[in-house]
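K.L.:
Provided below for reference: sequence and predicted model.
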Amino acid sequence: MEIIIVDSLEEAGEIEATRLAETIDGNPATVLGLATGSSPLPLYQALRRHVLSGLDMRRVSGFALDEYVGISASDERSYTATIQREVTGPLALDPELVHVPEGGAQDPQQAAVRYEASIKSAGGIDVQILGIGSDGHLGFNEPGSSLASRTRIKTLSQRTREDNARFFATPEEVPRHCITQGLGTIMDARHLLLFAGGRAKAAAIAAALEGPVSSRCPASVIQMHPSATVYVDTAAATELELADFYKYTYANKPSLSR
């Protein structure tokens, strides 16, 4: 696991967009796992600049991490709409190659099964982009989630619903259920890319990166992944005991590709 402490997530976005552009140049049919939320936005914005400079992402396919249950895809608060607004359009992706769980399906459980199968049919995810919740959730895998879980329906914790209430008119409108890739599904990706910014994420980051691997902090499962990069801004890094070591190793990193 490579932990990179940066001044801001904008800096992280610039660094990683250059790396990711090289990956896509080498494999135009790269499969991306797409996270929503504020943390990955600087990466998408920096990638947009590469697209404007000639990066061709028309063959790139994408799989969103999750979707609310009971919200139509056309609802601007859905993750389907968010992905279209923040990723598909700006990065000139083919909409036919961008997939989001069917939160509005009549049978959400079967929709989850189909989504898991569609990821496998695509050959798996090459680079999974991630954020982290203030309680350590990854995707919508809340504390207590099985570390081997697959795509399924999950009940959102009260804390997660409170964190997401800012996107809704009232807290009561925040859905109680979602379809999310499981932790086992996420761990199948060939490379994980996690972004975390702000003091509110500091405790979760410390637990995920330096604590025990435990369902109490679902994001801690990334410690078991053979290829993961974590970008943490200075505020989110405040509770990392080994922060100076991470800075030293990054400053003295061998000139090798990841």
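P.N.:
Received the coordinates, thanks.

K.L.:
so, low pLDDT: which residues of the protein?
P.N.:
Residues of the chain that meet the criterion pLDDT under 70 lie in 256-258.

K.L.:
most centrally placed residue in it?
P.N.:
What sits nearest the mean C-alpha location of the chain, by CA atoms, centre = their mean, is residue 130, with 2.0 Å.

K.L.:
okay, now residue 6: neighbour count?
P.N.:
A total of 21 residues lie near residue 6 under the criterion other CB atoms under 10 Å. All C-beta atoms are positioned from the backbone trio N, CA, C, and that covers glycine.

K.L.:
how near is it to residue 93?
P.N.:
26 Å (CB to CB, to the nearest Å).

K.L.:
was I right to think the residue nearest to the centre of the chain contacts residue 66?
P.N.:
No - using CB atoms under 8 Å, residue 130 is not in contact with residue 66; the gap is 11.2 Å.

K.L.:
list residues touching both of the two?
P.N.:
Shared contacts of residue 130 and residue 66, defined by CB atoms under 8 Å, 6 or more residues apart in numbering, are found at residue 139.

K.L.:
did I read that right, residue 44 in a helix?
P.N.:
Yes - applying DSSP: H, G, I helix; E, B strand; the rest coil, one finds residue 44 inside a helix.

K.L.:
that one is in contact with residue 87, isn't it?
P.N.:
Yes - Residue 44 lies in contact with residue 87 (CB under 8 Å); the separation is 5.7 Å.

K.L.:
more crowded one of these two?
P.N.:
A direct count of neighbours by other CB under 10 Å for residue 44 and residue 87 places residue 87 higher, at 25 against 19.

K.L.:
now the lengthiest helix in the chain: buried residues?
P.N.:
Taking DSSP state H as the criterion, the chain has its longest helix at helix 9-26. By 16 or more other CB atoms under 10 Å, the buried positions in helix 9-26 come out as 9-10, 12-17, 20-21, 23-24.

K.L.:
next: stretch 44-59.
P.N.:
Neighbour counts over stretch 44-59 (16+ other CB under 10 Å) mark 44-48, 50-51, 55, 57 as buried.

K.L.:
for residue 92, what are its contacts?
P.N.:
51, 57-58.

K.L.:
scratch that, residue 90 is what I was asking about
P.N.:
Going by CB under 8 Å, 6+ apart, the list of residues near residue 90 reads 44-45, 48, 51.

K.L.:
dump the residues you listed into TSV; add distance to residue 242 as well.
P.N.:
Converted to TSV, these look like this (distance: CB to CB, whole Å):
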residue	distance to residue 242
44	29
45	30
48	34
51	36
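
K.L.:
end-to-end on stretch 178-192?
P.N.:
22 Å (CA to CA, to the nearest Å).

K.L.:
check contacts around the closest residue to residue 227 other than its chain neighbours.
P.N.:
The shortest distance from residue 227 to any non-neighbouring residue, by CB to CB, 6 or more residues apart in numbering, is to residue 191 (4.7 Å). Residue 191 is in contact with 126-128, 227-229, 258, counting by CB under 8 Å, 6+ apart.

K.L.:
in helices, which of those residues appear?
P.N.:
Per DSSP H, the contacts of residue 191 never map to helices.

K.L.:
which one (most neighbours) among those residues?
P.N.:
Result: residue 128 is most packed of the contacts of residue 191 (other CB under 10 Å), 29 neighbours.

K.L.:
that residue pairs with what?
P.N.:
Here residue 128 sits in beta bridges with residue 33, residue 192, going by DSSP bridges.

K.L.:
list the contacts for it?
P.N.:
By CB under 8 Å, 6+ apart, the residues touching residue 128 are 32-33, 186, 189, 191-193.

K.L.:
which members of these are the farthest-apart pair?
P.N.:
32 and 186 (12.9 Å; CB to CB).

K.L.:
got the contacts of residue 191 as TSV, with distance to residue 120 columns?
P.N.:
As requested, the contacts of residue 191 are arranged in TSV below (distance: CB to CB, whole Å):
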residue	distance to residue 120
126	14
127	17
128	14
227	19
228	21
229	24
258	24
